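Engineer: Just the structure for this:
(4 chains, ligands or ions: 6)
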Amino acid sequence: MKKSINNTIPKSDVPLTPKDFESDQIIRWCPGCGDHMIVNSLKKVFAEIGYKKENYVVVSGIGCSSRLPYYVNSYGFHGIHGRANAIASGVKIANPKLSIWVATGDGDSLAIGGNHFIHVVRRNLDMNIILFNNQIYGLTKGQYSPTSPLGAVTKTSPYGTIEHPFTTGELVLGAQGTFFARSLDILVDLTTNVLFEAASHDGTSVIEIFQNCVIFNDGAYNEITNKENRDDNVLIVEDGQPMIFGKNKDKGLVLNNFNLEVVTIGENGITEKDILVHDAKTPSPFIHLMLAKMHHPWVFGVIRKTPAPTYDDLMEEQISMVKAKSNIKCMDDLLNSGDTWEIKE
Amino acid sequence: MKKSINNTIPKSDVPLTPKDFESDQIIRWCPGCGDHMIVNSLKKVFAEIGYKKENYVVVSGIGCSSRLPYYVNSYGFHGIHGRANAIASGVKIANPKLSIWVATGDGDSLAIGGNHFIHVVRRNLDMNIILFNNQIYGLTKGQYSPTSPLGAVTKTSPYGTIEHPFTTGELVLGAQGTFFARSLDILVDLTTNVLFEAASHDGTSVIEIFQNCVIFNDGAYNEITNKENRDDNVLIVEDGQPMIFGKNKDKGLVLNNFNLEVVTIGENGITEKDILVHDAKTPSPFIHLMLAKMHHPWVFGVIRKTPAPTYDDLMEEQISMVKAKSNIKCMDDLLNSGDTWEIKE
Amino acid sequence: MNEETTPMSGRKQVNDIVIKFVGDSGDGIQLSGNIFADTLAHIGLDMATFPDFPAEVRAPRNTTFGVSGFQIHFSNKKVLTPGDEYDVLVCFNPASLKVNLKNVKQGGIIIVDSSNFTPRSLETAGYTSNPLEDNSLDNYIVLQIPASEMSISINSDLDKKSAERTKNMYILGVLYNMFGFELKPAINYINNKFKNTSQLINANLKSLEEGYKFSETLKNFPKFYLAKCELIPGKYRDIQGNVATAWGLMAAAEKAGLHLFIGSYPITPATEILVELSKHRELGVKTFQAEDEIAGITSAIGASFAGALAATTTSGPGLSLKVEAMGLAVMTELPIVIVDVQRAGPSTGMPTKSEQADLYMSMFGRNGEAPIPIIAASSSVDCFFAAFEAAKIALEHMTPVILLSDGYIGLGSSVFRIPKMADLPEIRPPFADPNVKYYPYERDDEWYVRKWAIPGTPGLQHRVGGLEKSDIYGEVTTDAKNHEKMVINREEKIKRIAHKWPLQRITGPEDADLLVVSWGGTKGQVEGAIQNLTTKGYRISHTHFRYINPLPLNTHEILKSGKKVIVCELNRGQFANILRMNYQDIEFHQYNKVQGQPFTVRELENAFTELLNS
Amino acid sequence: MNEETTPMSGRKQVNDIVIKFVGDSGDGIQLSGNIFADTLAHIGLDMATFPDFPAEVRAPRNTTFGVSGFQIHFSNKKVLTPGDEYDVLVCFNPASLKVNLKNVKQGGIIIVDSSNFTPRSLETAGYTSNPLEDNSLDNYIVLQIPASEMSISINSDLDKKSAERTKNMYILGVLYNMFGFELKPAINYINNKFKNTSQLINANLKSLEEGYKFSETLKNFPKFYLAKCELIPGKYRDIQGNVATAWGLMAAAEKAGLHLFIGSYPITPATEILVELSKHRELGVKTFQAEDEIAGITSAIGASFAGALAATTTSGPGLSLKVEAMGLAVMTELPIVIVDVQRAGPSTGMPTKSEQADLYMSMFGRNGEAPIPIIAASSSVDCFFAAFEAAKIALEHMTPVILLSDGYIGLGSSVFRIPKMADLPEIRPPFADPNVKYYPYERDDEWYVRKWAIPGTPGLQHRVGGLEKSDIYGEVTTDAKNHEKMVINREEKIKRIAHKWPLQRITGPEDADLLVVSWGGTKGQVEGAIQNLTTKGYRISHTHFRYINPLPLNTHEILKSGKKVIVCELNRGQFANILRMNYQDIEFHQYNKVQGQPFTVRELENAFTELLNS
Ligand SMILES: Cc1ncc(C[n+]2csc(CCOP(=O)(O)OP(=O)(O)O)c2C)c(N)n1
Ligand SMILES: Cc1ncc(C[n+]2csc(CCOP(=O)(O)OP(=O)(O)O)c2C)c(N)n1
Ligand code: SF4
Ligand code: SF4
Ligand SMILES: [Mg+2]
Ligand SMILES: [Mg+2]
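Structural biologist: Numbering: from 1, shown residues only, chains lettered A, B, ... in the order given. Ligands and ions are numbered 1, 2, ... in the order given. Modelled structure (predicted):
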């Protein structure tokens, strides 16, 4: 059972289903693209959250991923490349009663839109950013992106890239992020779960979804999607639970010196009790950073969810406070305030 | 004795002194501004490093801090607001034999220029970014910046800001930074030292300097500059040395659970041996992040300096490699390569 | 100085005075100016003021590039500009005399703080001999006031530095005596300003009063008085152009019943608009100090989508960065106001200097065919009305609107007859009716305006964006004919706004020998020049453009009315060229200036008479 | 199709053929087109090609918006454009027939893969009855080829999907027979393309040969042959416009003895320039894929400061983002080439469609007075020469230069007579002499060009930047007269470049009844229309502008030569308006199209005759 969400966004009077968010547009993503699964998770979670239908706003930039607003029946803004987070900031500040969802790509939010991305995270504006990370520029047909691994051969790096990639989670934490979660396109339930968690977080929630671009970067996530060894490569964390994973649920994380280390339960005297318990809520970013950075295994689920005041709440509070104290109640008051003089007939 | 710097930038045949870098321009910073001290450190370190005079290039954006290129006798580029790091990237890639120094502000590199900043750091392009952090927009007369503390009252936040600030070091680490150091304007020797360390680092070096803006944000760093308790608030780290500080050199850092904790040597059985030894070279960013984030004490000196390939080296290597393998040696070769045909008379 | 010779209690009557205070940034120039202006206001005179900052925050003392200034033009008649030349120059140091002397009227008054004319300061200012002693000022009335020394000696209870700082009050005392003003308003101002430190109040008041007394001891001390003011009756205040812009936007939001959202990044000389708006949380203003200009405008577009009156404020380099997003606003047909307080370009240019050279960019600076209405404010006070009107057009026509101001009128102040909100026109945005099926790109036939459906309204879910959309339905499409239709729809929508503009007006004779065309912030100077020439008997008329795009419907007719037509602007002929595009049958002469400075009335007079005589 | 009736071995002679391949993105359209073009090249024919992509990477199968195309126009005479209408349409599915039928010539040939005309695919394409059966194609010669079925059955060793993929080769076989081409070049191409998988080679070759044979069995199979080519002798290759731009820049760098630096961010339809340049590390090309367009141009400015030939490549929305930095390049007077491959705007617009609507922005889109030279490439091949020339002007005149291309010529290909590097003009940048005292803003008297001092050179230390600088010395200053002087210097420098341009030429009679003006990528269509009308006896002349700013010195003279003048462009009249600004005495008619599509020769003919007859 999901816990319900409590905040100021008005709730629907009737129960909603994903169907309520079905759009009438033909989906124009490539067959087999991971994006299809993500939009399904989104429609599911919109229904689960249960805000009034008309209070959802989906904002995007430009890219394959940014086509998403057409495929959800909601208010939608398909912006310009890189500016989704800035546009969405304006929407939320103007009307904090809206539930804001940004659909964006590794190019849109980490290349051209990197600045707005880190700033919205810093400001902790209450919105949810779904970052489709396919490690490539899909829409422009296959150039490397800021998340492409060093050496990646792409249209613009025929001899391999010479750039160290960002890892989204580290950047989010470096920008003072309060919420970071990760999922994988094919794990539709996990995606739905973390999107729900994001919605229930007051502040900027970044949900990175590893997404397969079948055309220009097929198999980028083979290591974690292939049936044989994905269980050994994937750790799904849950707040308050020990970080255990593996085909046989016998692997776990412990802290060794300053690093996270994988151990096997039952070996070298390790028992379940020795395994670190995940604490998503701790304000300290250090372990969250280690989890976001780890590659063996890759960590999924809600890595960080820590409370902090949001920009939009602080704005509304400041307005109420100043209003309460001021004598100026309307423009006529202001126009006639301070030093004025009268010229008589 | 400083160790000397070894790399491909040509060295001066004659010894240099700060005088060699004195400019003929009248300095237009406010009297008492921290910037004066920083430019002096820079002239000193240029002489110490000892590259040929004509191989230094100083690039800046716009801001008080960005006026610096006028006050150093070198090739200089006073760019546009926020773009210093992008301009400098072009200079370095075009000619890797130049020693590149970026002078920039908390507005220039963390507000409008945030994207170029995180990307140059990620690429690890070999250049040195001196970030003058006065927690304010100086040149435009006192609006809050992305490093102004929450609640700061400034021209554009008469009721206090509602934004969480960045901390430069965390952002650098989140962007995969390989070098981060911190100094304080008044600590001219420390500044000179860390600038030297930055120069000797192959890759992007970010040197954040806490700088006092006497006009619009005077006293922002009182806590760490006032004589009474600055020693207790300032820890200057050195690679390989235990992290000890305090008026009586009796305070130190230990790792407790996942956090750094301040302890007193001699209390509770703590001896110098218990104090953590600083390791700037470790690739793992975790402790560096903790050091960058800490406020009691504030940490100065070289917090991180870890080797990694640079963009400019990889570029030159790739060019040599491809050149060696290719039959195309000039444009005529290229024009006539592949499918061509001849129309005869 | 317009002296009249009716003596009254030994004072000469004058109608019109230009004073400029000049000195180092630290000399309290702006404060003296503000106190003086406040007193003028209390007396009920008309005035215009202009502050003149160096590019540096605090330039080194006594340097010519570090001179700060504050100019006031006041009169009992209508004041058109802050004035070309000074009747009175108040100099706090040699450097400021050096820079400003050329603009003092022949025979004008120069008041100097003689304590500061030391050998050292004369030297840093670049004087080889002391102008107070070498007869070079013989054509002026020079009043040497040892203000710094006196301030120190009469305030010996204070430390020397603080005591010396009151020298500006000492000189202000001299001026109050010169014009026969009561000290009361100044005393109130000082009491208010330093309210937390009674020591400073005392010192400043002492200097003020001592200066007043001291001036009585001067030989040949000139004394004036101003006749009663002739302004239309009403309530007045002094207002800076940038503040007026801020208030105009706020007034429009109130009138439209919307929240005001501002997405801006600080930049000289537009910053004050953001600064002013940040103060008004009490009226619900949401200022978002964005990370850059792009976030400034795109957040405004988002806020507009969400149903706010949204604006972004900037200057040239910032406007450059907003170009792509302006296209998005054109394409999504969402209302936003883009305020550009122009400064001297290109690139960073001369940030503290004024120019009108962003007109081309405002008209043409977008990829693709992307017309945007442009309104240009014509004075500091007009910034209020122009901003209001820009917002009204944006909201009622669902379009971005560019409001052009400039550093000169933006930082300058003038006297503002306070309007009543009830007297301002209504603003009625075309909200979509939730009970009618909504088509995002359906237009009304008259104005070609689409409807505004606000998120949160049930049943109006829809999508907008930067891709070309199908007519009426708003679906993404690359259909060839549809694209052409939409391009023409957007063009036509803007063209039709001309029917909302008042007709272009002309002042002066209908068949003048010369028709002078101006636009934007140069109105005052041009009017001044034309008044003077008309007085001299020239047949010269004037038409000033406030609406730049679309041009008013009768523009052609107006332009044909002059035998010769000259377009004056602070650029290399941008508006002239736009007129040429539109009216090929008219020959346009040009008078241009690109010096980062406003026109002077005198140079305009010369240019006009030259053309008339040619 | 220009048939002539001389039969030769039962084949009709033709001189000029337009073929278009159409189908789903996955149907191998581009590959078929490329193989066919390659063979044409081997035969030594002239040609122009144009690929036509859907906006989607892989649109859903069989949808009309997902149709991909590749058009080839080939001839034994000079080919001007990829062609308006098709002699032969090759359709792989019903949707593609639906979208393209309107452009097939009356009586033209339609080849369909009949296996794909299933009830389901007919339905998704929106057909209510099968056009192959309902007589709706009676005015065409329809060849039904069951290519998919046949490919599967003859390649039963392969899995069905892979076997079916060779259907494009099957149809190619049909075409080779139709035009009497040898299969040899196609076989070589296939061998090369699939070199790592012999199974695929075999299957493709089998389908190719079987298709060839199959066509022999068709009733009334039309057969043609082309007479010998009339191109000037020389070595040729096929080149895409964007590749030509890349090579033009590389050639300029080699000629100037400089490294080439490219700072770009991918954007349709300019991306291929960056893609091409990334391949050429062997010639030392440094491509920097920046984080955004701003970093693209500012890194290029940095590289230019460091002494490289620097360029940035983009399309409309990206150009919008470069506006501020273009001003910086103007102010610092550093050489960079800014390539804008125009697409349909405004805003994101229609990324895969072409337009000429960025001209205004290129001319006027900067804050302040910031003139920049503009060169517009007139064809795919001309992209090479235009890019070379843009670089030469930038380097020799120390200025940013804008090179305008467009999606149509940028993505299209044409036949390129390979130049020898030795025959290209020299490029001599004005390097500062390290032995002479260097003043950064000292200019030569003839061209007003400042000298370029490269970091690393002893003794030439200096600073540049976006603030206004003093004449000659380059110190920061806000001096009023200096600013005006510098504005005029920068203006004059650009104006004088007109002396470097060749004089504007006119083709056709000197005193034509109609002078047609065109610029940029529309040259081929306009020439085509004029040739046709001239043949029909009209007195019509043509002047095509490649140099847009400054305009060639004799422009006025040329424009006065026509009795009527019409300006044709793919926008709403931007060049026409620029001409109006400059030549007020000439009446300019306009023919405009903003549909994201090139002109067709036919619509131009109509427009011209209409104007001639009016
Ligand atoms: C200003 C601007 N620059 C560049 C582009 C071209 N462009 C469109 S999408 C894109 C990258 C898309 O990558 P990403 O955000 O990762 O999305 P994906 O397609 O991979 O989902 C680029 C470079 C553009 N539309 N606008
Ligand atoms: C595109 C653009 N936007 C805004 C400005 C105005 N501006 C100049 S400097 C500055 C901020 C300076 O702050 P910082 O970088 O911290 O430098 P400081 O003056 O504090 O040293 C701003 C907003 C500008 N010059 N250009
Ligand atoms: S190109 Fe890649 S990311 Fe884009 S729709 Fe196709 S598979 Fe998905
Ligand atoms: S305003 Fe502040 S930062 Fe700028 S020069 Fe003055 S003291 Fe320094
Ligand atoms: Mg991507
Ligand atoms: Mg700062």
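
Engineer: Do I have it right that residue C:469 meets residue C:476?
Structural biologist: Yes: if you go by Cβ atoms under 8 Å, residue C:469 and residue C:476 touch, sitting 6.5 Å apart. Heads up, the C-betas are built off the backbone N, CA and C, glycines and all.

Engineer: Mind checking which of the two has more residues around it?
Structural biologist: residue C:469 (23 against 19; other Cβ atoms under 10 Å in any protein chain shown).

Engineer: Tell me which residues touch the residue lying closest to the more buried one once chain neighbours are set aside, please.
Structural biologist: Once flanking residues are discounted, residue C:469 sits nearest to residue C:441: 5.7 Å by Cβ to Cβ, 6 or more residues apart in numbering or on different chains. By Cβ atoms under 8 Å, 6 or more residues apart in numbering or on different chains, the residues touching residue C:441 are C:333, C:450, C:469-474, C:486.

Engineer: Could you report the separation of residue C:424 from residue D:198?
Structural biologist: Taking Cβ to Cβ, to the nearest Å as the measure, residue C:424 and residue D:198 are separated by 81 Å.

Engineer: Neighbour count for the two, which is higher?
Structural biologist: residue C:424 (19 against 10).

Engineer: returning to that earlier point: phi first, then psi, for the residue nearest to residue C:469.
Structural biologist: Residue C:441 adopts backbone torsions of phi -110, psi 30, taken as degrees, to the nearest 10.

Engineer: what do you get for residue C:416?
Structural biologist: Torsion angles, degrees, to the nearest 10, at residue C:416: phi -120, psi 120.

Engineer: name the element the residue lying closest to it once chain neighbours are set aside belongs to?
Structural biologist: Among residues not flanking residue C:416 along the chain, residue C:239 sits closest, at 4.2 Å (Cβ to Cβ, 6+ apart). Element membership of residue C:239, judged by DSSP states H and E, is strand C:234-240.

Engineer: quick one: strands adjacent to that strand?
Structural biologist: Within its sheet, strand C:234-240 is paired with strand A:340-343 (antiparallel), strand C:413-417 (antiparallel), according to DSSP bridges.

Engineer: which of the ones you listed sits most buried?
Structural biologist: Among these, strand C:413-417 has the highest mean neighbour count (mean count of other Cβ atoms under 10 Å in any protein chain shown), at a mean of 23.

Engineer: hmm, back to that, could you dump the contacts of residue C:441 into a markdown table and include distance to ligand 3, secondary structure and pLDDT?
Structural biologist: Shown next, in a markdown table, are the contacts of residue C:441 (distance: Cβ to the nearest ligand atom, whole Å; DSSP: H, G, I helix; E, B strand; the rest coil; pLDDT from 0 to 100):
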| residue | distance to ligand 3 | secondary structure | pLDDT |
| --- | --- | --- | --- |
| C:333 | 28 | coil | 98 |
| C:450 | 30 | strand | 98 |
| C:469 | 21 | strand | 97 |
| C:470 | 22 | coil | 97 |
| C:471 | 27 | coil | 97 |
| C:472 | 28 | strand | 97 |
| C:473 | 24 | coil | 96 |
| C:474 | 22 | coil | 95 |
| C:486 | 26 | helix | 98 |
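
Engineer: residues in chain A within reach of ligand 2, list them.
Structural biologist: Neighbours of ligand 2 within chain A, by Cβ under 6 Å from any ligand atom: none found.

Engineer: where along chain A do the helices fall?
Structural biologist: Here chain A has its helices, by DSSP state H, at A:35-49, A:84-94, A:106-110, A:114-123, A:168-174, A:188-200, A:222-225, A:230-233, A:286-293, A:311-325, A:331-335.

Engineer: what angle sits between the first one and helix A:188-200?
Structural biologist: The directions of helix A:35-49 and helix A:188-200 differ by 50 degrees, with axes from the mean of the first three to the mean of the last three Cα atoms, to 10 degrees as the criterion.

Engineer: What are the buried residues along helix A:35-49?
Structural biologist: If you call a residue buried by 16 or more other Cβ atoms under 10 Å in any protein chain shown, then helix A:35-49 has these buried ones: A:35, A:37-39, A:41-49.

Engineer: How confident is the prediction for the residue in the stretch 151-300 of chain C positioned nearest to ligand 2, by pLDDT?
Structural biologist: Here the stretch 151-300 of chain C gets closest to ligand 2 at one residue, residue C:267, 3.7 Å apart by Cβ to the nearest ligand atom. For residue C:267, the pLDDT comes out at 98.

Engineer: Where does the prediction get shaky in the stretch 1-150 of chain C?
Structural biologist: C:1-9 (pLDDT under 70).

Engineer: let's see it at 90
Structural biologist: C:1-12, C:15, C:25-28, C:30, C:38, C:40-45, C:50-66, C:76-78 (pLDDT under 90).

Engineer: And the helices in it, which stretches?
Structural biologist: Using DSSP state H, counting those that start in this stretch, the helices assigned to the stretch 1-150 of chain C run over residues C:29-43, C:94-100, C:119-124, C:147-154.

Engineer: The stretch 251-400 of chain C now?
Structural biologist: Going by DSSP H, counting those that start in this stretch, the stretch 251-400 of chain C shows helices at C:271-278, C:293-305, C:316-321, C:323-332, C:359-364, C:382-397.

Engineer: quick one: which of the ones you listed is nearest residue B:257?
Structural biologist: Closest approach to residue B:257 among the helices of the stretch 251-400 of chain C (Cβ to Cβ): helix C:293-305, 38.8 Å.

Engineer: Run the contact check for the closest one versus ligand 1.
Structural biologist: No: judged by Cβ under 6 Å from any ligand atom, helix C:293-305 makes no contact with ligand 1; its nearest approach is 10.3 Å.

Engineer: Please tell me how far that helix is from the chain's geometric centre.
Structural biologist: 25 Å (Cα atoms, centre = their mean, to the nearest Å).

Engineer: So it, near chain A or not?
Structural biologist: Yes: for helix C:293-305, a contact with chain A is found by Cβ under 8 Å from any Cβ of the partner chain, at C:294-295, C:298-305.

Engineer: okay, those in a markdown table with neighbour count and pLDDT next?
Structural biologist: Formatted as a markdown table, those follow (neighbours: other Cβ atoms under 10 Å in any protein chain shown; pLDDT from 0 to 100):
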| residue | neighbour count | pLDDT |
| --- | --- | --- |
| C:294 | 30 | 98 |
| C:295 | 32 | 98 |
| C:298 | 33 | 98 |
| C:299 | 33 | 98 |
| C:300 | 35 | 98 |
| C:301 | 30 | 98 |
| C:302 | 34 | 98 |
| C:303 | 31 | 98 |
| C:304 | 30 | 98 |
| C:305 | 30 | 98 |
